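**Q** build the 3D model from these lines:
(3 chains)
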Amino acid sequence: MRGRILGILVLLAWGIAKFSFEARLEQRMENTRLGGFKPTASLRQQAGQAGFIAALGGLRSAVADLLWIRAYTAWRDVQYGRMKLLFDTCTAMQPRRVLFWDISAWHMAWNGAAYVQNHEPDPVVRKAEMRKFFMAGKDFLQRGIESNPDSWELYERLGALYKDKLKDFENASKAYDEASKRPGHLKYTRRFAAYYLAEVPGREREAYERLMALFNESEHEWLLTLFRHIQNLEAKLDIPDAQRIWHTVVKLAETPGKEGSAYAGLTDLIKTGSREPAVIDAARAYEQKMDIPAERRVKLPVQDKRPSD
Amino acid sequence: MIGTGVSAEVLKRMDAPAITIENLTKEFTNPSIFSRGKITAVDGLSLTVEAGHVYGLLGPNGSGKSTTMKIVLGLVVPTSGRTCIFGRDSRDVESREAVGFLPENPYFYKFLTGAETLDFYGKLCGLGGKMLRDRSRELLALVGLESAADRRVGGYSKGMLQRIGLAQALVQDPRLLVLDEPTAGVDPAGSHEIRDLILRLKQRGITVLLCSHLLSQVQEICDRIGIMNHGKLVREGPLDDLISIENQTELTLENVSPALLAELRERAEAGGARVLGAHKPQQNLERYFLDVTAEKK
Amino acid sequence: MSTEISAPAAAAHASAHKLFSLRRTWAIASNTFRDLVRQKVFYFMLVFALILIGVSLTLASISFQGQLQTVMDVCLGAMSVFTMLLAVLATAMLLPKDMEDRTLYTILAKPVSRFEYLVGKLAGVTMILLVATLLMTAAFLVVLHFWQGREIENLQITEPAERAAATIKLIKSGTFTPTLFGGIGVIFLRSVVCAALTLMLSCFATSWLFTVIVSLMVILAGHLVPIARSVWQGPVGAAEAPFHIAILLRLITVFVPDMQLFNVVDDIAVGMTIEADVFLRIAGLGAGYVLVYLFVGWLFFAWREL
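**A** Sure thing, here's the model as predicted:
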């Protein structure tokens, strides 16, 4: 008995000593994004007893993966309600898995909404149901972002959702902006942020400045869509001719060693509606210099063709 | 002993009795949930085993012999009282440096061979290397298990287990050997050999504490015995003194004629003695068995 | 039997008795290791874990997207669970078996302290857990390497170039990371903590089944310690919980180890990084638990009637 009493006292002393250490370590791990999972009563209901116990025992991710496979079975069987429940459980079990949030949102806002669009005959009900799916998708992304604030993918998907489904260009731009600030983001997120900002009434000037910053950054940013948006804004904002981008591109065409990059820009300008004679002349001069075959030369619409074309 | 470099403490221990038990009491809590109270396994036991003696601790089942042995070996903590081995408290781990123990029905790790078993116990006693290997080989020869040295203990017979148990008890060349039923399950030839071994160990000055139900064997080899019953020591002392019938004398004659026998009877009765009987003495059954089986070999 | 006995083994007792001897402890540890390696429980656990690692390949192939992730999740989960089960089952049998067979008497009748005996037993179990972890890790790394190659091939076919390149770069840099190996180290450490806990419980339990059940219950309860702690610490929770529940929760936070702190595999599987100081704290906490459980086990065992 003496040994047992002493043993229990030592365990008690250790328990008191380690309490604050464990609490601080838990906090430290929370701060570094580790251990974000917390077992809750709702998870117990969602996962069932066996799943809950497995989740506690170190099989959380594995159980989430199994439920994820089941969610795909539900998708095959077109059971969007069951899919949502399974997605909720998977994301609760493994909130750090960006893919879960991303794909869940995609299924809700794109596939689920499309299903309703194709199968619901009543237009009023169709619109309401589609909106529910859009909001479900948005909810997944926002919750995903709470658990994974550094995920550029989730912000990117949110931006796409705002733009494609909710037609909210201002929030779409904000989301792409946030994506572009996260590590590992793809370059197009910066462009998209500016593109959608241009669609927001009253923000055109701001969008123009951002697009021009991209334009001036490097020729690698000289893409067709960029040129289209800049030219549209140049017209909308009535940018003085001398400041328009075609001058920069034509000047570059005169720089030795930069003719190739400039030609790409010139062709994009033409494709996006520019009919400045200097642009067309510079393009044709390069084509002649490089002996580019006729079928590969940039084409003008019939009404804009010149005798020399 | 001045000038030997040996401390007084060590000298004192060298002269100390092998085992000293002082007012030993051990109570166990009654395991039954239906009755409270304690069970007294050993009750105020005091005895001394002098160094170099073979001491037999006897008693019926449940008399407290095993508990006493376990307390002496430091395996069980006494309720009160004290036990010492060569002057050192039994609860000191160091006291077991000088002790070898063979439990009743010994069991060893099945997956070890005989040689590996001795190696294992030798290492527990601080032996190692070539010394341990040599010692293991010697002990296996001593107990007659040379041919089974590389066989797993899981395949040993009862007798072989007893022998390997004896070998492990001797591995560190102890000054005290505690043997609990050392010949249980061993055939008469093996039993005889173990008995001879104990006597040889005694000649070397090793103290032996022996528990056995084979009283004939105890009678042959023990110097002193203690008999326990219900946890108490009811008899204790030199064997010869305890079992001799004081007022009787045995006389063994060879080639005596009936006439001479009758004359001796008359003389004895005339002198006030009573002749209780005259019969042919019997040889020891064990001796008879050994002689017969030795011939057949 | 030989009739001769040689001269006493010289120098056997020349050196003073050490309170704690590595040689004695190592003898018990290596013996325990050999014993456990021969037992079926070790092979069953190992085979199951290796099967599960193999099954991860099948699961990954039927999972849509993130197959590499599925492989990591299932394999790390299997390693986590099986090392824990192995720790509990292997340790629970040690003391009862020695007591039942009475080998314990022959060992403790030698100049071996009960503390050395316990340390030796725990060291033996730790060695078996290390071997099991290494074997599972080797299988896991082979499977992971194979699936990483497949995932990269898939991406090159199915994704646009820029996206594929970025994802491939992420996969290559994010799969075999120091954090992954650190996480496997934490799995091993957690199993040693479970073994130490089980050994402590077996020092006063009378049957191995009791030890197994209670150990598993404590380990399970350990995963709920964060909830218990938050109820205790949070003003709202503490006020809302009934008195007896509040006492129970406090007892849980004090007496039960917080196993969630060792449960980092789920986060490592998704590529989170363990910072060095967090890993050191977890290691320190684990070492603390092992030492305390060993000491308390010795206290339980020291006065135990054999």
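**Q** roughly how far apart are the residue nearest to residue B:222 when sequence neighbours are not counted and residue B:74?
**A** Take residue B:222 and drop its neighbours on the chain: the residue closest to it by CB to CB, 6 or more residues apart in numbering or on different chains is residue B:56, 3.7 Å away. To be clear about C-beta, it is placed using only N, CA and C from the backbone, and glycine gets the same treatment. Here residue B:56 is placed at a distance of 22 Å from residue B:74 (CB to CB, to the nearest Å).
**Q** list the helices and strands the helix or strand harbouring the residue nearest to residue B:222 packs on?
**A** When elements are defined using DSSP states H and E, residue B:56 is found to belong to strand B:54-58. Using 3 or more CB pairs under 8 Å, 6 or more residues apart in numbering or on different chains; DSSP states H and E as the contact criterion, the neighbours of strand B:54-58 among helices and strands are helix B:65-72, helix B:188-203, strand B:207-211, helix B:215-221, strand B:224-229.
**Q** compare the ones you listed and give me the one nearest chain C.
**A** Between chain C and the helices and strands packed on strand B:54-58, the shortest separation by CB to the nearest CB is 4.5 Å, and it involves helix B:188-203.
**Q** wait, does that closest one contact chain C?
**A** Yes - taking CB under 8 Å from any CB of the partner chain as the criterion, helix B:188-203 and chain C are in contact, through B:190, B:193, B:196-197, B:200-201.
**Q** the stretch 1-150 of chain B: helices as residue ranges?
**A** Listed in chain order, the helices found in the stretch 1-150 of chain B under DSSP state H, counting those that start in this stretch are B:8-15, B:65-72, B:114-124, B:129-142.
**Q** okay if I get these as CSV plus mean pLDDT and mean neighbour count?
**A** Formatted as CSV, the entries for those read as follows, by pLDDT from 0 to 100; neighbours: other CB atoms under 10 Å in any protein chain shown:
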stretch, mean pLDDT, mean neighbour count
helix B:8-15, 62, 11
helix B:65-72, 92, 24
helix B:114-124, 95, 25
helix B:129-142, 93, 18
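**Q** for residue C:46, which of those is the nearest?
**A** Evaluated over the helices of the stretch 1-150 of chain B, closeness to residue C:46 peaks at helix B:114-124, with 24.5 Å, by CB to CB.
**Q** next, the angle from the closest one to helix B:129-142.
**A** In terms of direction (axes from the mean of the first three to the mean of the last three CA atoms, to 10 degrees), helix B:114-124 departs from helix B:129-142 by 130 degrees.
**Q** low-confidence ranges in the stretch 201-309 of chain A?
**A** Applying pLDDT under 70 to the stretch 201-309 of chain A flags residues A:302-303, A:308-309.
**Q** ok but residue C:85 is inside a helix, no?
**A** Yes - residue assignment for residue C:85, taken from DSSP: H, G, I helix; E, B strand; the rest coil, places it within a helix.
**Q** show me the contacts for it.
**A** Going by CB atoms under 8 Å, 6 or more residues apart in numbering or on different chains, residue C:85 touches residue C:45.
**Q** go with 10 Å
**A** By CB atoms under 10 Å, 6 or more residues apart in numbering or on different chains, the contact list for residue C:85 reads A:57, C:41, C:44-45, C:48-49, C:191, C:194, C:212, C:216, C:219.
**Q** related to what we said a few turns ago, list the strands paired with the strand holding residue B:56, with their directions.
**A** Partner strands for strand B:54-58, per DSSP bridges, with pairing direction: strand B:207-211 (parallel), strand B:224-229 (parallel).
**Q** chain center to that strand, what's the gap?
**A** Averaging C-alpha positions (CA atoms, centre = their mean, to the nearest Å) puts strand B:54-58 6 Å from its chain's average.
**Q** how about stretch C:283-290?
**A** The offset between the C-alpha centroid of stretch C:283-290 and the centroid of the whole chain comes to 12 Å, using CA atoms, centre = their mean.
**Q** nearest residue to residue A:169 other than its sequence neighbours?
**A** Nearest to residue A:169 is residue A:199, by CB to CB, 6+ apart, at 3.9 Å.
**Q** enumerate every residue touching the one you found.
**A** Contact criterion CB under 10 Å, 6+ apart gives A:163, A:167-170, A:172-173, A:207, A:229 as the residues in contact with residue A:199.
**Q** apart from its neighbours in sequence, what residue is nearest residue C:137?
**A** Taking CB to CB, 6+ apart as the measure, residue C:137 lies nearest to residue C:184, with 5.5 Å between them; neighbours along the chain are not counted.
**Q** just to be sure, residue C:257 is in a helix?
**A** No - under three-state DSSP, residue C:257 sits outside any helix and is assigned coil.
**Q** helices of the stretch 151-300 of chain A, start to end?
**A** All helices of the stretch 151-300 of chain A, identified by DSSP H, counting those that start in this stretch, fall at A:152-164, A:169-181, A:188-197, A:204-217, A:224-236, A:245-253, A:259-271, A:277-289.
**Q** for residue B:180, phi and psi?
**A** Recorded main-chain torsions at residue B:180 are phi -110, psi 110, according to degrees, to the nearest 10.
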